[in-house]
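Q: structure for the following, please:
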Amino acid sequence: MYWRWVSPNIFLMSLLAFGLNHRSAPVALREQVSFPEDALPAALRELADCEGIEEAAIVSTCNRTDLYCGLGAGGARAATEWFRRYHRLTADNWRSCLYTHHSDAAVRHIMRVASGLDSMVLGEPQILGQVKRAYQAALRTGTIGQVLGRLFQQTFAVAKQVRTDTEIGSSPVSVAFAAVRLAQQIFGDLSRYTALMIGAGETVELAARHLRSHGLRRMIIANRTIESAHRLAEDFEGFGISLGEIPVHLSEVDIVLASTASREPILRKSEVESAFRSRKHRPMFIADIAVPRDVEAEVGSLPDVYLYTVDDLEGVIEENLRSRREAADKAEQIIDTRVSHFMGWLGTLDAVSTIREYREAAEDTRNAVLDKAHRMLRTGSEPEAVLNFLANTLTSKLLHNPTVQLRRAGSRSRDDLVEAARVLFELDRDDSHGGE
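A: From the prediction side, this is the model:
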């Protein structure tokens, strides 16, 4: 486990969220800036070691790469510069695709993301699990501190409340559902067709469930780990194969849905061409919903192949969103309230630290004056004179700086500071004891 020292001056920390998603950047750029799961701990350490970055977490999915940082001075620039350097981004086009949120906007962003309000599919539930895994990764790496820790916990609570109090998840709308709907539009009745599912994760499982519910005749599950393929295939009365066996079975399948974490394409043009020689021009529908892509882009140029990526599915998904938009409005209100609560808590960190510093300064002044009073007593000064010295000197020293600052505020017409001082020192309260 990696541990790093976090500054006790938490109150100086500001929040930053920045990244790219399916709305701001094309799939090719999202592929370039994604963080593989096995590379995440080292990346988090690098990011957190940058000057001005106190805490850090990274959410990286097929549709987004988001970085969440607790910042000290200069941290915002250091974070984006590290991002550019880490991914070796040379062209300037990535900057125009980058969104950046500070303070309460950063809080609102992560809460909207986890609640499914910023997803390609409005209200999709998978993103919450991905955000939780990102939190756990940062926690294990030691880059989560008090502020981001509280932020993520509040975010999980918000997402749960949105699911409970709204109808945002009532309709079966997801990338997987959209892919199956497209397959239905192409083939109609699915009971005569065979599907190949590449991968064994949540998205593939969800798509398999949709296909099964629509009467799919036969299902093949291919995965790098053959045990995972067999385990998922059993749930859907299909059979599992390894990735290396795909070319052998490709000519049998009509529907392909791919969603893995592979860094290289799994399905290549030459393999699909070879499969088509025995298919007699029967069409093949391929939904590649992985980032980086699992299917070579050139496959889409083949006749009788309908290839869709996650970006292509966005239009299909739009048709299934109407019932969720009213729920989304209610979810936004819930998030607004939670953002306000979190920023209030964050503000108390500033107040607590200010109070602590003010008390420490007052105690230093008291100790200095008290030491002098003790010396006066030891040298024979009258106790009454020492008490007067102690009271007058302590009062004078404690009032000196506030008095100077108030005079300066008055000379500069800073009525807001003068009014704040009256509230702070309760100068407008009614201390009368009756009478006129």
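
Q: where does the protein have its least confident helix or strand?
A: Ranking every helix and strand in the chain by mean pLDDT, DSSP states H and E puts helix 313-318 at the bottom, with a mean of 74.

Q: that one: which residues count as buried?
A: 313-314, 316-317 (16 or more other CB atoms under 10 Å). In this view, the C-beta of every residue, glycine as well, is placed from N, C-alpha and C.

Q: hmm, which two among those are most spread apart?
A: The two members of the buried residues of helix 313-318 with the most space between them (CB to CB) are Glu314 and Val316, at 7.3 Å.

Q: report the set of residues contacting both of the two.
A: Residues touching both Glu314 and Val316 (CB atoms under 8 Å, 6 or more residues apart in numbering): none.

Q: and the buried residues of helix 313-318, which is closest to Gln405?
A: Nearest to Gln405 among the buried residues of helix 313-318, with distances taken as CB to CB, is Glu314, at 56.2 Å.

Q: who's in contact with the closest residue to the closest one other than its chain neighbours?
A: The shortest distance from Glu314 to any non-neighbouring residue, by CB to CB, 6 or more residues apart in numbering, is to Met120 (5.7 Å). Counting by CB under 8 Å, 6+ apart, Met120 touches 22, 63, 175, 310, 313-314, 317.

Q: ok, now Gly75?
A: 14, 16, 50-54, 69.

Q: which among those count as buried?
A: Buried among the contacts of Gly75 by 16+ other CB under 10 Å: 14, 16, 50, 53-54, 69.

Q: ok, back up a step: now render the buried residues of helix 313-318 as JSON lines, adding distance to Phe236.
A: Converted to JSON lines, these look like this (distance: CB to CB, whole Å):
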{"residue": "Leu313", "distance to Phe236": "22"}
{"residue": "Glu314", "distance to Phe236": "27"}
{"residue": "Val316", "distance to Phe236": "23"}
{"residue": "Ile317", "distance to Phe236": "24"}
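
Q: just the contacts of Gly75: which has the poorest pLDDT?
A: Lowest pLDDT within those is found at Ser14 (90).

Q: who does the longest helix along the chain touch, helix- and strand-wise?
A: Criterion DSSP state H: the longest helix present in the chain is helix 322-378. Packing partners of helix 322-378 (3 or more CB pairs under 8 Å, 6 or more residues apart in numbering; DSSP states H and E): helix 103-114, helix 146-165, helix 383-411.

Q: the helix or strand just after the first one packs against which elements?
A: This points to helix 103-114. Sequence order places helix 126-141 as the next helix or strand after helix 103-114, per DSSP states H and E. When contacts are defined as 3+ CB pairs under 8 Å, 6+ apart, helix 126-141 packs onto helix 40-48, strand 53-60, helix 103-114, helix 146-165, helix 202-213.

Q: which intervals of this structure have sub-threshold pLDDT?
A: Filtered on pLDDT under 70, the chain yields the residue ranges 1-12, 170-173, 319-320, 350-353, 429-436.

Q: which residue is most remote from the mean position of the chain?
A: Distance from the C-alpha centroid of the chain, by CA atoms, centre = their mean, peaks at Gly380 (68.0 Å).

Q: separation between that one and Asp371?
A: With the distance defined as CB to CB, to the nearest Å, Gly380 ends up 17 Å from Asp371.

Q: how far off centre is the longest helix of the chain?
A: In terms of CA atoms, centre = their mean, to the nearest Å, the centre of helix 322-378 is set 25 Å apart from its chain centre.

Q: now swap in stretch 225-243 and tell me
A: Taking mean C-alpha positions (CA atoms, centre = their mean), stretch 225-243 and its chain are 32 Å apart.

Q: so how far does it reach from one end to the other?
A: End-to-end distance of stretch 225-243 (CA to CA, to the nearest Å): 8 Å.

Q: in that stretch, what's buried?
A: For stretch 225-243, the buried set under the neighbour-count rule, 16+ other CB under 10 Å, comprises 226, 229-230, 232-233, 236, 238, 240-241, 243.

Q: can you flag which of these belong to strands?
A: Among the buried residues of stretch 225-243, DSSP state E puts 240-241 in strands.

Q: can you tell me which of the buried residues of stretch 225-243 end up in helices?
A: Reading helices off the buried residues of stretch 225-243 with DSSP H, I get 226, 229-230, 232-233.

Q: tell me the buried residues in stretch 403-420?
A: 406, 409, 417.

Q: show me what contacts the residue nearest to Leu394 when sequence neighbours are not counted?
A: Leaving out its chain neighbours, the residue that sits closest to Leu394 by CB to CB, 6+ apart is Val369, at 5.0 Å. Counting by CB under 8 Å, 6+ apart, Val369 makes contact with 390, 393-394, 397.

Q: for Pro292, same thing?
A: By CB under 8 Å, 6+ apart, the neighbours of Pro292 are 31, 34, 262-264.

Q: are any of those residues buried, and which?
A: Applying 16+ other CB under 10 Å to the contacts of Pro292 flags 31, 34, 262 as buried.

Q: out of these, which one sits closest to Asp294?
A: The closest of the buried ones among the contacts of Pro292, once distances to Asp294 are taken by CB to CB, is Ser262, at 6.1 Å.

Q: surely that closest one forms part of a strand?
A: No. Looking at Ser262 with DSSP: H, G, I helix; E, B strand; the rest coil, it is coil, so not inside a strand.

Q: what about the nearest residue to it once chain neighbours are set aside, how many residues nearby?
A: Computed as CB to CB, 6+ apart, the closest residue to Ser262 that is not its neighbour in sequence is Asp294, at 6.1 Å. As a burial measure, Asp294 scores 24 neighbours (other CB atoms under 10 Å).

Q: my guess is Asp294 contacts Val256. True?
A: No. The criterion here is CB atoms under 8 Å, and Asp294 misses it with Val256 at 9.3 Å.

Q: anything in contact with each of the two?
A: Common neighbours of Asp294 and Val256 (CB under 8 Å, 6+ apart) are 198, 267.
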